[in-house]
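Undergrad: Next one to model:
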Amino acid sequence: MEYLKNLRFNDEDIEYLRSKKQFSEEFLQYLKNFRFSCDVWAIPEGTPIFPNEPVVIVKGPVIEAQFVETMILLTINHQSLIATKANRIVKAARGRDVMEFGSRRAQGYDGAIYGARAAYIGGCIGTACTIAEREFNIPAMGTMAHSWVQMFSTELEAFRAYASIYPDNCTLLVDTYNVLKSGVPNAIRVFNEEIVPRGFRPRGIRIDSGDITYLSKEARKMLDEAGFHDCKIVASNSLDEYIIREILMQGAQVDLFGVGERLITSRSEPVFGGVYKLAAVEENGEIVPKIKISENVKKITNPGFKQVWRFFDKASGKAIADLITFNDEVIDENDPYELFDPEHTWKRKTVTDFTAKRLLVKIFDKGNCVYESPKLQDIRRYCREQVDALWDEVKRFENPHKYYVDLSLPLWEMKQRLLKKYSTA
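TA: Down below sits the predicted model:
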């Protein structure tokens with residue numbers, strides 16, 4: 001939204017393009033006076049989306065629509081990728097808090113800053129990226145560094161110094177030398193001698209290496225025996241949803257996670273394949289659907305000016321399926337509606353007692369922004385509500401139940417006509 005509101009070509013831009021000697025003065029003058037004038041629709045941030053759905057629609061002069069292609073794609077693709085990865089990791093944590101710790105291994109500055117924002121929408125409670133707190137009011141958080149411990153003559157001395165500065169927020173990093181032989185014992189000693197006498201309770205310890213399951217179990221026993229049942233154990237070190245799931249199944253005594261490189265880079269699936277395709281042209285005031293055909297079936301586009309609907313079961317509140325229609329189609333919730341698989345058309349389901357929600361909302365009208373983005377905290381809460389509306393079977397990491405994205409009959413028929421027309425041309 002900010003990009004589209006401020007899209008301009010300044011004198012420096014014009015001079016650079018003129019130096020290329022590839023553009024006419026008429027075109028450069030057009031750029032100098034350029035103002036974005038398109039209509040734009042988008043699915044609100046935090047909404048779960050599925051393959052083949054239009055997430056952003058731009059309607060207007062084709063030259064303007066092409067100008068914004070790359071920026072729209074890099075914005076939507078990257079942040080959707082990180083928000084999705086974060087949401088999976090938060091799900092694996094089973095109610096335990098997850099902090100985003102990935103700035104140092106992000107792909108560039110924007111990757112760190114906007115990745116932190118996306119991770120927060122996806123469910124992380126905060127970030128180690130302080131700029132993200134300044135820009136987006138995301139809670140900045142973290143613990144002490146290994147370098148802090150190494151700068152002192154002994155680990156105990158390092159812990160004492162840290163506790164004296166942060167008595168009310170003391171989380172000690174216990175794996176610089178040896179977690180169980182020195183780290184946890186020294187932490188307990190400092191808690192007893194520096195924190196408790198000043199009227200505070202220790203916040204936690206962090207384990208950043210080794211066998212997290214074993215070390216956290218043993219550390220938990222030591223902390224409990226010392227009377228620090230309320231002292232939390234933080235785990236970090238190349239974590240993702242699969243590792244977190246496994247160590248919790250093995251009984252790891254971890255209260256919250258700091259997840260870095262595998263979140264901020266989405267290491268297991270580092271590419272989000274959103275594309276930007278021409279779907280229709282306007283001729284003499286009429287919208288004419290267009291299609292792209294490919295030998296790769298997944299690359300065949302759905303033609304026309306479209307809308308996405310999400311069907312919810314009234315009784316359970318859960319999402320049933322999504323339906324892509326032409327923009328001017330209307331769904332009557334009072335009548336049964338037959339959904340069918342657009343590829344395997346014999347798979348059909350008639351839904352009743354449902355609500356149908358339009359997902360695409362208008363954000364620009366003739367270049368003017370007509371949408372007020374919610375506060376980030378509200379987007380995060382909305383995301384949690386929308387993900388909760390999906391059945392758990394759909395959210396399984398392995399062999400998830402297929403969530404159907406169907407086409408309306410008019411849209412399906414148009415697609416078949418165009419496929420037949422161009423496949424025989």
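
Undergrad: report the longest helix in the chain, please.
TA: Scanning the chain for the helix with the most residues, using DSSP state H, yields helix 69-92.

Undergrad: Can you name the element that comes right after it?
TA: Going down the chain from helix 69-92, the next helix or strand is strand 97-100, by DSSP states H and E.

Undergrad: Quick one: list the elements packing against the longest helix of the chain.
TA: If contacts are counted by 3 or more CB pairs under 8 Å, 6 or more residues apart in numbering; DSSP states H and E, helix 69-92 sits against strand 56-59, strand 97-100, helix 109-122, helix 241-249, helix 261-264, helix 376-388. C-beta: built from backbone N, CA, C; applies to glycine.

Undergrad: I'd like those as JSON lines, with distance to Lys318 appended.
TA: Compiled in JSON lines, these are given as follows (distance: least, CB to CB, whole Å):
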{"stretch": "strand 56-59", "distance to Lys318": "26"}
{"stretch": "strand 97-100", "distance to Lys318": "25"}
{"stretch": "helix 109-122", "distance to Lys318": "20"}
{"stretch": "helix 241-249", "distance to Lys318": "22"}
{"stretch": "helix 261-264", "distance to Lys318": "28"}
{"stretch": "helix 376-388", "distance to Lys318": "9"}
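
Undergrad: Asn399: which of the ones you listed is closest?
TA: helix 241-249 (14.5 Å; CB to CB).

Undergrad: Please enumerate residues in contact with the next helix or strand after the closest one?
TA: Following helix 241-249 in sequence order, the next helix or strand is strand 256-259 (DSSP H and E). By CB atoms under 8 Å, 6 or more residues apart in numbering, the surrounding residues in contact with strand 256-259 are 89, 93, 96-102, 124-125, 128, 142-143, 204, 206, 232, 234-236, 239-240, 244.

Undergrad: Name every strand pairing with strand 256-259 and say which way it goes.
TA: Paired strands of strand 256-259, with direction, are strand 97-100 (parallel), strand 232-235 (parallel) (DSSP bridges).

Undergrad: Just the pLDDT for Glu218.
TA: Confidence at Glu218, expressed as pLDDT, is 98.

Undergrad: any idea how far it lies from Glu225?
TA: 11 Å (CB to CB, to the nearest Å).

Undergrad: how far away is the most centrally placed residue in the chain from Ala119?
TA: What sits nearest the mean C-alpha location of the chain, by CA atoms, centre = their mean, is Ala83, with 1.3 Å. Counting by CB to CB, the separation of Ala83 from Ala119 is 7 Å.

Undergrad: Over to Trp41?
TA: From Trp41 to Ala119 the distance is 26 Å (CB to CB).

Undergrad: Next: Gln150.
TA: In terms of CB to CB, Gln150 sits 29 Å off from Ala119.

Undergrad: Those two - which one has more neighbours?
TA: Taking other CB atoms under 10 Å, Gln150 and Ala119 do not tie; Ala119 has more neighbours (32 against 11).

Undergrad: need the contact list for that one.
TA: Contacts of Ala119 (CB under 8 Å, 6+ apart): 82-83, 85-86, 100, 102, 127, 263-264.

Undergrad: now those in a markdown table, with pLDDT?
TA: Output for the contacts of Ala119, formatted as a markdown table (pLDDT from 0 to 100):
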| residue | pLDDT |
| --- | --- |
| Ile82 | 98 |
| Ala83 | 98 |
| Lys85 | 98 |
| Ala86 | 98 |
| Glu100 | 98 |
| Gly102 | 95 |
| Thr127 | 97 |
| Leu263 | 97 |
| Ile264 | 97 |
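
Undergrad: how about those residues in CSV, adding distance to Thr47?
TA: Putting these into CSV (distance: CB to CB, whole Å) gives the following:
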residue, distance to Thr47
Ile82, 16
Ala83, 10
Lys85, 17
Ala86, 15
Glu100, 21
Gly102, 24
Thr127, 22
Leu263, 20
Ile264, 22
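
Undergrad: Out of the residues you listed, which is nearest to Leu74?
TA: After measuring the contacts of Ala119 against Leu74 - CB to CB - the closest member comes out as Ile82, at 12.4 Å.

Undergrad: could you list every residue that touches that closest one?
TA: Residues near Ile82 by CB under 8 Å, 6+ apart: 114-115, 118-119, 122, 263-264, 266.
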